[in-house]
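>>> With the sequence up front, the predicted model follows.
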Amino acid sequence: MTLQKLTAQEQAEALTQLQDWSLVDGREAIKRTLTFKDFNAAFGFMTRVALYADKHDHHPEWFNVYNRVEVTLATHDVQGLSIRDVKLATFINEIYHQ
Ligand SMILES: C[C@H](O)[C@H](O)[C@H]1CNC2=NC(N)=NC(=O)C2=N1
C-alpha cells in the first residue's frame, strides 16, 4: 500500500497524543526541542534515533548545539505528515530522558 498523507483531522488527533510536539509555521511538519544533561547525553540520544531512522527508512531533520537537539519531522514522499512521522515522534518521546 502506498504511504498516505495524514488528513487535517488525523494530524490534529496525532498532535494531542504527541506531548511537546507542535506544527511548524508555514509547513506541514512537526517539531520538538529536547535538552539533555550535556553533549554526551544529546549525542547518545541522536545515535539511538539514527539507528531507528535508518532501520525504518525515515530520517529526521535536526540541529544540535551542545545539549540541545531540535528535531523536525515530515514525509517528503507525501509532502506533509504521515504515520511514519507519528511513529518516529512517539519513539523519540519514549526514549527521551532529560
Ligand atoms: C528513498 C528513500 O526511501 C526515501 O527518500 C526516504 C528516506 N527517508 C525519509 N525521511 C523522511 N523524513 N521522509 C521521507 O519521505 C523519507 N524518504
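Thanks, I have it.
>>> From what I see, A53 and W62 are in contact.
No. Using CB atoms under 8 Å, A53 makes no contact with W62, being 9.8 Å away. The C-beta positions use only the backbone N, C-alpha and C, and glycine is treated the same way.
>>> where does this protein come near the ligand, residue by residue?
With CB under 6 Å from any ligand atom as the criterion, the chain meets the ligand at residues 57-59, 74-77.
>>> From the residues you listed, list just the buried residues.
58, 74-75 (16 or more other CB atoms under 10 Å).
>>> Can you add pLDDT, distance to L6 and secondary structure and give those residues back as CSV?
Listed next are those as CSV, based on pLDDT from 0 to 100; distance: CB to CB, whole Å; DSSP: H, G, I helix; E, B strand; the rest coil:
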residue, pLDDT, distance to L6, secondary structure
H58, 98, 14, coil
A74, 98, 11, coil
T75, 98, 9, strand
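>>> Which two among the residues of the chain next to the ligand are spaced furthest apart?
D57 and A74 (14.4 Å; CB to CB).
>>> Which residues lie in contact with A42 in this structure?
Contact analysis of A42 by CB atoms under 8 Å, 6 or more residues apart in numbering lists 34-36, 64, 66-69.
>>> same thing but 10 Å
Applying CB atoms under 10 Å, 6 or more residues apart in numbering, one finds that A42 lies in contact with 34-36, 64-69.
>>> Can you show me the strands along this protein?
22-23, 30-35, 61-65, 68-73 (DSSP state E).
>>> Include mean neighbour count when you put these into JSON lines, please.
Formatted as JSON lines, these follow (neighbours: other CB atoms under 10 Å):
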{"stretch": "strand 22-23", "mean neighbour count": "12"}
{"stretch": "strand 30-35", "mean neighbour count": "18"}
{"stretch": "strand 61-65", "mean neighbour count": "13"}
{"stretch": "strand 68-73", "mean neighbour count": "19"}
